[in-house]
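Asks: got a sequence here, can you model it:
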Amino acid sequence: MTRSLNYRILLRREPEGGYTVTVPTLPGCVTFGETVDEAIAMAREAIEVYIEDLQEKGEEIPTEEGLLEYTLTVEAHT
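Replies: Residues are numbered from 1 along each chain as shown. Alright, predicted model coming up:
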């Protein structure tokens, strides 16, 4: 049986170039790409491998079901 799962990814531009990608819902799922497109492709592969590993271990696959996301803006006095 196959089902589609959706995951948010965060891309951070690195000072030396390229992008580091993290998947907040999957702890330790981190990858890198030289371009945004490459970073997204690498993230897809990393997520697939992460999920396969969980399945092989018989562990539950985390999902973002019921997740609410909000961005707060705060004042920083510097």
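
Asks: what are the phi and psi values at residue 64?
Replies: phi -100, psi 20 (degrees, to the nearest 10).

Asks: can you classify residue 21 as helix, strand or coil?
Replies: Three-state call for residue 21 (DSSP: H, G, I helix; E, B strand; the rest coil): strand.

Asks: from residue 27, how far out is it?
Replies: Residue 21 sits 14 Å away from residue 27, going by C-beta to C-beta, to the nearest Å. The C-beta positions use only the backbone N, C-alpha and C, and glycine is treated the same way.

Asks: between the two, who's got more neighbours?
Replies: When residue 21 and residue 27 are compared for neighbours, residue 21 comes out ahead with 24 against 10, by other C-beta atoms under 10 Å.

Asks: what's near enough to touch the residue nearest in space to the middle of the chain?
Replies: By C-alpha atoms, centre = their mean, the chain has its centre lying nearest to residue 23, at 1.8 Å. Residues near residue 23 by C-beta atoms under 8 Å, 6 or more residues apart in numbering: 7-10, 29-30, 43, 46-47, 50.

Asks: out of those residues, what pair is the most spread apart?
Replies: 10 and 50 (15.2 Å; C-beta to C-beta).

Asks: quick one: which of those two has more around it?
Replies: Between residue 10 and residue 50, counted using other C-beta under 10 Å, the more crowded position is residue 50 (19 against 12).

Asks: closest to residue 37 out of the contacts of residue 23?
Replies: residue 43 (10.8 Å).

Asks: am I right that that closest one is in contact with residue 8?
Replies: No - at 10.2 Å, residue 43 does not count as touching residue 8 under the criterion of C-beta atoms under 8 Å.

Asks: still on that earlier bit, between the contacts of residue 23, identify the one with the most neighbours.
Replies: residue 43 (23 neighbours).

Asks: confirm that it sits in a strand.
Replies: No - judged by three-state DSSP, residue 43 forms no part of a strand; its state is helix.

Asks: so how far is residue 70 from it?
Replies: 22 Å.

Asks: ok, and the closest non-adjacent residue to residue 12?
Replies: residue 20 (4.9 Å; C-beta to C-beta, 6 or more residues apart in numbering).

Asks: gap between residue 4 and residue 51?
Replies: Relative to residue 51, residue 4 is positioned 12 Å away (C-beta to C-beta).
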